[in-house]
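> Let's see this in three dimensions:
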Amino acid sequence: MQAVNQKGKGIHGVREIDMAKVLVTSKYCGGCSQAKNLLRKRGIKFREVDADTKSGDKFCDKHSIRTVPTMIIDGKKTNNIDKWFK
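Okay, here's the model as predicted:
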């Protein structure tokens with residue numbers, strides 16, 4: 001879990017409590033679009049972090065994320081879309 005500052009917001013404006021499901025994406029990533037569609041189709045709420053932005057880049061550095069799409073589910077990272085939510 002990320003640290004939360006005094007205003008209750010962490011990097012990229014994601015609150016600690018909102019870290020249950022975070023999807024890290026890039027706008028030029030086809031797999032990212034597939035991942036978002038899969039989550040939406042299944043009705044799963046998630047917070048999206050755009051790795052192409054300055055704040056998204058900081059988020060990726062903090063969480064050692066090097067590939068997209070990457071999903072953080074309850075603090076655990078995965079980028080294997082085929083195994084998500086089976």
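> When you work out contacts or count neighbours from here on, use the C-alpha atoms and nothing else.
Noted.
> neighbours of residue 80, just the number please.
12 (other CA atoms under 10 Å).
> check contacts around it.
residue 70 (CA atoms under 8 Å, 6 or more residues apart in numbering).
> switch to 10 Å and redo it
Listed by CA atoms under 10 Å, 6 or more residues apart in numbering, the contact set of residue 80 reads 35, 68, 69, 70, 71.
> Could you report the neighbour count for the second one?
Close neighbours of residue 68, defined as other CA under 10 Å, add up to 21.
> Now it: phi and psi?
Backbone torsions for residue 68, taken as degrees, to the nearest 10, come to phi -130, psi 150.
> Leaving aside the residues adjacent along the chain, what's closest to it?
Leaving aside its chain neighbours, residue 68 sits nearest to residue 25 (5.4 Å; criterion: CA to CA, 6 or more residues apart in numbering).
> Against residue 40, how distant is the one you found?
Residue 25 sits 14 Å away from residue 40, going by CA to CA, to the nearest Å.
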